[in-house]
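**Student:** my questions are about this predicted structure, shown below with the sequence.
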Amino acid sequence: METANKQRLLTGNKAMAEAIAKEMEKNEEVFVMGEDVGAYGGIFGSTEGLLEKFGPDRIMDTPISETGFIGAAIGAAQEGMRPIVELMFVDFFGVCMDQIYNHMAKIPYMSGGNVKLPMVLMTAVGGEYNDAAQHSQTLYATFAHLPGMKVVAPTTPYDLKGMMTSAIQEDDPVVFMFHKTLQGLGWMDQLDASVGHVPEESYTVPLGKAKVAREGSDVTIVSIQMMTVYALEAAEKLAEEGIHAEVIDLRSLVPLDKETILNSVEKTHRLLVVDEDYLSYGMTAEISAVVAEEALYELDSPIKRLAIPDVPIPYSRPLEQFVVPSAEKIYQEVKQMLTDE
Amino acid sequence: METANKQRLLTGNKAMAEAIAKEMEKNEEVFVMGEDVGAYGGIFGSTEGLLEKFGPDRIMDTPISETGFIGAAIGAAQEGMRPIVELMFVDFFGVCMDQIYNHMAKIPYMSGGNVKLPMVLMTAVGGEYNDAAQHSQTLYATFAHLPGMKVVAPTTPYDLKGMMTSAIQEDDPVVFMFHKTLQGLGWMDQLDASVGHVPEESYTVPLGKAKVAREGSDVTIVSIQMMTVYALEAAEKLAEEGIHAEVIDLRSLVPLDKETILNSVEKTHRLLVVDEDYLSYGMTAEISAVVAEEALYELDSPIKRLAIPDVPIPYSRPLEQFVVPSAEKIYQEVKQMLTDE
Amino acid sequence: MSIPKEQILWMYETMVKSRYFEETMEEVYMEGKTPVFNIGAGIVPGEMHLSNGQEPAAVGICAHLTDQDVVSSPHRPHHHAIAKGVDLKKMTAEMFGKKTGLSKGKGGHMHLFDPDVKFACSGIVASGIPHAVGAALTAKKRKTNAVAVAFIGEGAANAGAFHESLNLASLWNLPVIVVIEDNKYGISVPKDVATAVDWNDLRAGAYGIVGERVEDNDPLEMYRASDRAVNRARNGEGPTIIEIETYRYLGHFQGDAEIYRDDGEVSKLRENDPIVRLKDYILSKGIVNEEYLNERERYVKSLVDEAYEYARESEYPDPEDALEDLFVHS
Amino acid sequence: MSIPKEQILWMYETMVKSRYFEETMEEVYMEGKTPVFNIGAGIVPGEMHLSNGQEPAAVGICAHLTDQDVVSSPHRPHHHAIAKGVDLKKMTAEMFGKKTGLSKGKGGHMHLFDPDVKFACSGIVASGIPHAVGAALTAKKRKTNAVAVAFIGEGAANAGAFHESLNLASLWNLPVIVVIEDNKYGISVPKDVATAVDWNDLRAGAYGIVGERVEDNDPLEMYRASDRAVNRARNGEGPTIIEIETYRYLGHFQGDAEIYRDDGEVSKLRENDPIVRLKDYILSKGIVNEEYLNERERYVKSLVDEAYEYARESEYPDPEDALEDLFVHS
Ligand SMILES: Cc1ncc(C[n+]2csc(CCOP(=O)(O)OP(=O)(O)O)c2C)c(N)n1
Ligand SMILES: Cc1ncc(C[n+]2csc(CCOP(=O)(O)OP(=O)(O)O)c2C)c(N)n1
Ligand SMILES: [Mg+2]
Ligand SMILES: [Mg+2]
């Protein structure tokens, strides 16, 4: 389906904004709050064109008060509204995490299911444009570790639209992480992967399902967002050498689609996990643990992990390039895994 | 050493407070800030008796402004002071995490080592007294995942004093997690493990070293704080049945003492990781991943994990007991591991 | 302004009901905690923050609210919940951790949610203020004319969430009322050790809104200040901060040794009890006679007794229920 | 009060230096970003927040500070850094990501740390205010008589950290000065869409402290207000909030299309340039002659040129250096 009918191409940000627009047209009670979501259209384009369509009452610019307006979104969702609230950079979570994890994530459970919070918290993640330690993180695991929120991070424009539509329709709180570089913005790196086929009509892509982005038989590479892009690049290069890597685009951290991962490992018997988040206590650890717990005997070689080596993201280009995994590093790591045996 | 000379017994909280007092006597620039650290002596006794000794200028009660006073501690540390700041419950991290992880943890690195932050953030963790979803968490991995802070969680009174002394003397920011139940407070569960031998003179226990709390040959149980207490209890019961479990008290999440864990697994060939934090993307995952990466071929059976099953901590006693690992669950899990083979 | 008779009587009996609920909880909480007190033991374990003495704040404003108005409350929520009309049986059962509780035992006393009367509370200081802002924003969007009230303690007025929420409420001209219960302490820390101003109504100027001050724990003055605030809110005239000087008769939580308090402090407070004072007022004004009041007291206390009865007799949830209610669809 | 001649001249040449630094950066930043702009490309990649037009706020108060006083600055830090005397070569090299930079390339333009002159900045809005409180607390403990200044934008005055910090500063009577640069916008959001009061000095009342207001981006008035504030601070009379009306000539960051601004808005601002105005003032008062000013301008600009030269010629760090400086002892 995704490959069929290639005419209509959209960037990631336009795909996201289109999903929000369609749901806002259908449902009066969907609205957006955030810093610079109005005239600016979202610093990373997530609300491009929405102010013009829906006006300032439904596309609300806020003060720099993340605890205030994310908390207000919770209060509105408690009343049955369906707010979409933007945390401009995920790096800023620390000023409002109490509202996110102690309230948004816990109220439905603490109320024994009596209170629903149908809301979406969308936030920009990722680095590699030299924005340094406070503006370049993904923090996938920081959110995924804490129960009560669905945490998704789509890669393709198709998934960005389909999963945003699902997130808005969902009655559970959803943290929707979009990768800056995959938004296809004119002022950032131009990437083929940030433009893709997106049907005009509304459609949903289920939350909580990983995708086999490329089939292969020799090694499973589990990755997400930009790391999926790099993994596919590495797989291409490996294929030229007769090594067939299967690339899994995780898409969702919570719920975690163990089945797709385990099926793949049973096929390839080798696992490399790649993450743009910090290495320790992160996504690479969780995937490794799941496999070591449920498919240990399937493994022909030790599990390998590639991620940020537990330092903040440094500013200078050579330093940042050194810490963030790349297609080349993935390629090398896979070669290493196969030769070590 | 710890077992030798049993005369002088202290509770966990008195051991901690004694370490702070001794360092404050030695160094004018050590001081304490936090809510109710003065006359009250800390809600969980971490500053018991210190106001009387040092007065309100050095034992400072603060408003309920965690971002303000933890940020102030950072500003003071930047000036060379050595503040000890208390976050009353780790559950409250969300109102001040920006100061903790974007500033305390990153300034030394972002400054290229030009700025040191010799400070301690101490905070109470743990549940099992029915304090419900916002007052019962440990959140070990939430802190351990983010680089730039040393994260320790001692179990015994001896280690509480020795590691607090190290933490205060350390030039790096240290997050010092103390477990409520291990403080030995009169108004909580009375536990043998919360009272132990503590020499009067000042001594240090290194940060970043795990401890083999009990030797064994059949299975390695990696645990921390209350889970270590339960693991030792389970090991006792297993021993009666001829099963010899080695119990490792992690003590430190960052730095992580991989060596002690790997050495043990090479000896026992079986691994169970037990955590009072949430299961997914947590400590049990990291330990499992380290072993699956570095000692895969040593394993005779799949790695097993016991932790909070990814739900907030429920209030009602039967519900909370169901989600928190216990000595009995550890015992059963180990039996299962051995019979599965 | 003169206060309608029914309102005065409602405030009186609701204060009596709330006080009796708390006094009963004082005893019930100790069941299973003697001879040695253990916070995790007994039929009602965990922290317990009671509101004895603080009833005027709750009844004075809730007298103006309907089921369509929203209340967000902090860790000390019982008087607010009772004044807002939360289901007393389910609320009590929740504190007992029973299956019949508001949250089937998952919440506990700091996490009471009754959507039928739009009541919620939270154990994180100041965290409920933004929720009230969101509820008020919803009322404005839906043009329902509802108001949202956030109760907080004086200690919470120094938290960042207070500032961010009031700026938003004023900016968007929302029907929000923040009621600050100044009971002199945040746990052990006195107001003057935590707050740079003597009265928090002075902070209204930072948001260009109205601040009201109610002295001496007076339910009638609280009623009047609330009347003005609720009217402003319903008339689209924006938010109000009301600070009421109130009294905390008990420790911060049950088991608090209160070493930080002078002896005699509490007994002096109790001599000035707002329930006694309101009773005297009612009788001196001849609004009703003592017999009538006694009968109402018996009645509301019987409701409290029934609620405790219900809670005691209810079943505990099944352990496995802990895994439910995380997501609507998993 | 009359301002000493040297101070006026220092403010003038420091504004010229700061402006020239920013104008140079405007060009340098574009190197490698044309014909297609790419924020991650070029010799100075990443976000770049410049301060052209906002110099009065920095020089007006830094004229009263010594190396022992502490300055904490936000994401738009260059004018503050230059006025505080941060090593210009190392600061510029840091923005180029070079080994010779203040942080050996690890920090970048939002993370400049120069302990020698007690300067630091941060990319998180309002996060530097508590650090200033801690520095002031240290000064009080050590009785050094130093003051701590936190610069923030008007948008930051709506963040919780602002409230918590000022309450602490007043409560503990600390030598803290919060300078609010009101440049009318938080990125694209106008002040009146974000702030419930017209002027943030009105918020001083919420903390029982003094608020000062400086209109029309006037460096001399900023000098006078700062003089009062710094004296109060050094005399143990506590904190001050100073809000100065200032102008942001450029976009929020370089590359900002500024669709949210009326055309003509900026050109009107530029017509009222504070550097030109101060120059006219100096000449009209005959404080020095034009020749003298021209020579000083040439001199300070040469220092800026040297700094850029130094930055260009410096080496990049080795990639593996990324793993250093996490802990003092690992
Ligand atoms: C963010 C946060 N910090 C600290 C606490 C611990 N705590 C619970 S109640 C309380 C005191 C609150 O004082 P106040 O707001 O005056 O309410 P009161 O208890 O007097 O009713 C504190 C510090 C908390 N629950 N949340
Ligand atoms: C906590 C936080 N929220 C949001 C941002 C994104 N952000 C960076 S600068 C800025 C605007 C700041 O406005 P103001 O304080 O007026 O400073 P100015 O940019 O005008 O100098 C915003 C929203 C941030 N860095 N930190
Ligand atoms: Mg109080
Ligand atoms: Mg601004």
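**Tutor:** Yep, that arrived. Ligands and ions are numbered 1, 2, ... in the order given.

**Student:** now do the same contact list for A:Y230.
**Tutor:** With contact taken as CB atoms under 8 Å, 6 or more residues apart in numbering or on different chains, A:Y230 is in contact with A:223, A:274, A:325-327, A:330. C-betas here are computed from N, CA, C, even on glycine.

**Student:** ranges for the helices of the stretch 51-200 of chain A?
**Tutor:** Secondary structure of the stretch 51-200 of chain A (DSSP state H, counting those that start in this stretch): helices located at A:66-78, A:97, A:107-110, A:140-144, A:157-169.

**Student:** now the ones you listed in CSV, with mean neighbour count?
**Tutor:** Shown next, in CSV, are the helices of the stretch 51-200 of chain A (neighbours: other CB atoms under 10 Å in any protein chain shown):
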stretch, mean neighbour count
helix A:66-78, 30
helix A:97, 26
helix A:107-110, 28
helix A:140-144, 28
helix A:157-169, 25
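
**Student:** any chance of those in TSV with distance to chain C and mean pLDDT as columns?
**Tutor:** What follows is these, written out as TSV (distance: least, CB to the nearest CB, whole Å; pLDDT from 0 to 100):
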stretch	distance to chain C	mean pLDDT
helix A:66-78	2	98
helix A:97	11	98
helix A:107-110	4	98
helix A:140-144	14	98
helix A:157-169	11	98
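
**Student:** now those in a markdown table, with distance to chain D?
**Tutor:** Listed next are the helices of the stretch 51-200 of chain A as a markdown table, based on distance: least, CB to the nearest CB, whole Å:
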| stretch | distance to chain D |
| --- | --- |
| helix A:66-78 | 6 |
| helix A:97 | 12 |
| helix A:107-110 | 21 |
| helix A:140-144 | 16 |
| helix A:157-169 | 20 |
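
**Student:** closest to ligand 2 out of these?
**Tutor:** helix A:66-78 (6.0 Å; CB to the nearest ligand atom).

**Student:** right, and A:F89 touches A:A132 too?
**Tutor:** No: A:F89 lies out of contact with A:A132 (CB atoms under 8 Å); the separation is 11.5 Å.

**Student:** more neighbours: these two, which one.
**Tutor:** A:A132 (30 against 22; other CB atoms under 10 Å in any protein chain shown).

**Student:** and that one, how far is that from D:R19?
**Tutor:** 25 Å (CB to CB, to the nearest Å).

**Student:** C:A169 now?
**Tutor:** C:A169 is 40 Å from D:R19, by CB to CB.

**Student:** what's the answer for A:N114, then?
**Tutor:** From A:N114 over to D:R19 (counting by CB to CB), the distance is 60 Å.

**Student:** same check on A:F44?
**Tutor:** 31 Å.

**Student:** ditto for C:V328
**Tutor:** From C:V328 to D:R19 the distance is 57 Å (CB to CB).

**Student:** now A:H244
**Tutor:** With CB to CB as the criterion, A:H244 and D:R19 are 59 Å apart.

**Student:** who has more neighbours out of A:N114 and D:R19?
**Tutor:** D:R19 (26 against 20).

**Student:** buried residues of the particular helix or strand that has the more buried one in it, list them for me.
**Tutor:** Per DSSP states H and E: D:R19 is located in helix D:5-30. Across helix D:5-30, burial judged by 16 or more other CB atoms under 10 Å in any protein chain shown covers D:7-25, D:28-30.

**Student:** if we can go back for a sec, JSON lines for the helices of the stretch 51-200 of chain A, including distance to A:D310?
**Tutor:** Converted to JSON lines, the helices of the stretch 51-200 of chain A look like this (distance: least, CB to CB, whole Å):
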{"stretch": "helix A:66-78", "distance to A:D310": "26"}
{"stretch": "helix A:97", "distance to A:D310": "21"}
{"stretch": "helix A:107-110", "distance to A:D310": "31"}
{"stretch": "helix A:140-144", "distance to A:D310": "12"}
{"stretch": "helix A:157-169", "distance to A:D310": "29"}
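
**Student:** please name whichever of those is nearest to ligand 4.
**Tutor:** helix A:66-78 (16.8 Å; CB to the ion).

**Student:** which secondary structure elements does that closest one contact?
**Tutor:** strand A:30-34, strand A:82-89, helix C:128-142, helix C:160-171 (3 or more CB pairs under 8 Å, 6 or more residues apart in numbering or on different chains; DSSP states H and E).

**Student:** if we can go back for a sec, out of the helices of the stretch 51-200 of chain A, nearest to D:A132?
**Tutor:** helix A:66-78 (20.8 Å; CB to CB).

**Student:** quick one: that closest one to helix C:128-142, angle?
**Tutor:** 50 degrees (axes from the mean of the first three to the mean of the last three CA atoms, to 10 degrees).

**Student:** with only the CA atoms kept, save helix A:66-78 in PDB.
**Tutor:** What follows is helix A:66-78, C-alpha atoms only, in PDB (Å, rounded to 0.1, in the frame of the first residue of the first chain):
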ATOM      1  CA  GLU A  66       5.200  24.200  29.700                       C
ATOM      2  CA  THR A  67       4.000  23.000  33.000                       C
ATOM      3  CA  GLY A  68       1.100  25.400  32.700                       C
ATOM      4  CA  PHE A  69      -0.100  24.600  29.300                       C
ATOM      5  CA  ILE A  70       0.600  20.900  29.200                       C
ATOM      6  CA  GLY A  71      -1.200  20.700  32.600                       C
ATOM      7  CA  ALA A  72      -4.000  22.700  31.000                       C
ATOM      8  CA  ALA A  73      -4.200  20.200  28.200                       C
ATOM      9  CA  ILE A  74      -4.600  17.500  30.900                       C
ATOM     10  CA  GLY A  75      -7.300  19.500  32.500                       C
ATOM     11  CA  ALA A  76      -9.100  19.900  29.200                       C
ATOM     12  CA  ALA A  77      -8.700  16.200  28.300                       C
ATOM     13  CA  GLN A  78     -10.200  15.400  31.700                       C
END
